[in-house]
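[1] What follows is a predicted structure for the sequence shown.
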Amino acid sequence: MWWFWLLGWFLTIVTVIGNGTVISLIIGIHRLHNTANWLVLALAFADLFVGLTFFPLLFAMKIDSLNDPDHENVDPFFLVSRTFLYFSATNLFVMIVDRYFAIVHPLRYLSIMSPKVIKIAITMAWILPAALFTLPRGLHVRNRYLLVFRVFVFQVVTAIVFVFVACRIFCILRKISERRSKIFAQLRFNHAPKYSPTVLRSSKESKAAAKMTMAIMFLFIICYVFENYKCVCFVFELCETTASLDIAIDLLFLINSASNPIVYAFLKRDVRAAFQSLLARRKVHVQNISTGREMTSSTPS
């Protein structure tokens, strides 16, 4: 089991550093202050808290159980970890819905997803998990119907919506590729320049946004397929779960939260540009320090 703890701590560090970097970039750089990035910021905060709480609490619970095997208490871990996992799921849901309208219905996007609607959606994404899970669990409310409703809302419905959105976006990507091919064919027929920068830029941005959305949804769906199976086994007593399944679910939760900032860094154009600028400044700073040390060491005393 040493590999599980080693991998878990590695993913935790990646989650904290990655989401912390995204948060710092969006808060600190004025040009990133837009509606789409506020959604990214809310999700990054939720994933950051997942990184800060999930595996450290799991590790602490394991150490405590080794010291006192007869009194293992999973309630604090389950309450805190699932709270932030649900915060992550609901904020991701809001962001995916926003990207869906931006990609599938671009002309109606501003009228549907207004700044006011976005603010309300982000607020509800933080209130609903607390109201439907954290408070009842913290008050020791044990209700099977509430459990089924909570799992259905936060896990099943979300996964179903993501599958639908993924299919729609895949169709949009095919249409974009076909339209791009027709435009280039028309340009060649008219003896125009082979590449139109405006067309290329618009096409690449649309495809990058679609790829980012699909990558994030795919990771979430894979993660919650196993979690939903475990919940069905627990709620309806249809099957028994194994320790291997629990390990896989724990690692998938961490992978899901750790991968989101990596996806932003590669596929979200403005965040990628800000990240590259940050790395360039750091590189220049390190080079200046190195040059200063060399000059100091070469100066005769």
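    That came through fine. Treat the numbers as computed from the prediction; the structure is a model and nothing was measured.
[2] Tell me the gap between stretch 76-85 and the middle of its chain.
    Between the centre of stretch 76-85 and the centre of its chain there are 17 Å (CA atoms, centre = their mean, to the nearest Å).
[3] tell me the average confidence for that stretch?
    Here stretch 76-85 scores 90 as its mean pLDDT.
[4] what do you get for stretch 260-276?
    79.
[5] buried residues in that stretch?
    Neighbour counts using 16 or more other CB atoms under 10 Å place 260-261, 263-265, 267-268, 270-271, 274-275 of stretch 260-276 among the buried residues. (Each C-beta comes from the backbone N, C-alpha and C, glycine too.)
[6] Can you give the contact residues for that stretch?
    Identification of contacts with stretch 260-276 by CB atoms under 8 Å, 6 or more residues apart in numbering yields 18-19, 21-22, 25-26, 29, 31-32, 37, 40, 43-44, 47, 92, 205, 208-209, 211-212, 215-216, 219.
[7] Under the pLDDT cut-off, which ranges of the stretch 201-301 of the chain? List them.
    Applying pLDDT under 70 to the stretch 201-301 of the chain flags residues 201-209, 265-267, 285-286, 290, 292-301.
[8] could you redo the last one with a cut-off of 90?
    Scanning the stretch 201-301 of the chain for pLDDT under 90 picks out the ranges 201-246, 249, 256, 259-301.
[9] Can you report how many residues lie near residue 131?
    Neighbour count for residue 131, taken as other CB atoms under 10 Å: 11.
[10] what's near enough to touch it?
    Contacts of residue 131 by CB under 8 Å, 6+ apart: none found.
[11] Distance check, it against residue 90.
    11 Å (CB to CB, to the nearest Å).
[12] likewise residue 220?
    Residue 220 is 12 Å from residue 90, by CB to CB.
[13] coming back round to it: of the contacts of stretch 260-276, which count as buried by neighbour count?
    18-19, 21-22, 25-26, 29, 32, 37, 40, 43-44, 47, 92, 209, 212, 215-216, 219.
[14] Helices - which of those residues land there?
    Using DSSP state H, the members of those that fall in helices are 18-19, 21-22, 25-26, 37, 40, 43-44, 47, 92, 209, 212, 215-216, 219.
[15] Apart from its chain neighbours, what residue comes closest to residue 88?
    residue 46 (4.1 Å; CB to CB, 6 or more residues apart in numbering).
[16] wait, what's in contact with the one you found?
    Applying CB under 8 Å, 6+ apart to residue 46 gives the contacts 84, 87-88, 91-92.
[17] okay, those residues in a markdown table with distance to residue 253 next?
    Converted to a markdown table, those look like this (distance: CB to CB, whole Å):
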| residue | distance to residue 253 |
| --- | --- |
| 84 | 10 |
| 87 | 13 |
| 88 | 9 |
| 91 | 15 |
| 92 | 13 |
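[18] among those residues, who's most crowded?
    Neighbour counts for the contacts of residue 46 (other CB under 10 Å) peak at residue 88, which has 27 neighbours.
[19] my read: it touches residue 257, true?
    Yes - at 6.2 Å, residue 88 and residue 257 qualify as touching, with contact defined as CB atoms under 8 Å.
[20] what residues does stretch 99-110 touch?
    36, 112-113, 165, 168-169, 172, 206, 209-210, 212-213.
[21] Check these for burial and list the buried ones.
    Here, 16+ other CB under 10 Å leaves 36, 113, 165, 169, 172, 206, 209-210, 212-213 buried among those.
[22] Adding secondary structure as columns, could you present the buried residues of stretch 260-276 in CSV?
    Converted to CSV, these look like this (DSSP: H, G, I helix; E, B strand; the rest coil):
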residue, secondary structure
260, helix
261, helix
263, helix
264, helix
265, helix
267, helix
268, coil
270, helix
271, helix
274, helix
275, helix
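[23] Just name the closest of the residues you listed to residue 9, please.
    Distances from these to residue 9 were compared by CB to CB; the smallest belongs to residue 261, at 17.6 Å.
[24] Nearest residue to that closest one in space, please, no chain neighbours.
    residue 18 (3.4 Å).
[25] pLDDT wise, what is that neighbour at?
    91.
[26] wait, what's in contact with residue 278?
    Residue 278 touches 21, 25, counting by CB under 8 Å, 6+ apart.
[27] element containing it?
    helix 269-298 (DSSP states H and E).
[28] need the helices for this protein, in chain order.
    Counting by DSSP H, the helices of the chain are 2-28, 35-67, 75-104, 109-112, 115-129, 135-138, 144-151, 158-189, 197-236, 243-267, 269-298.
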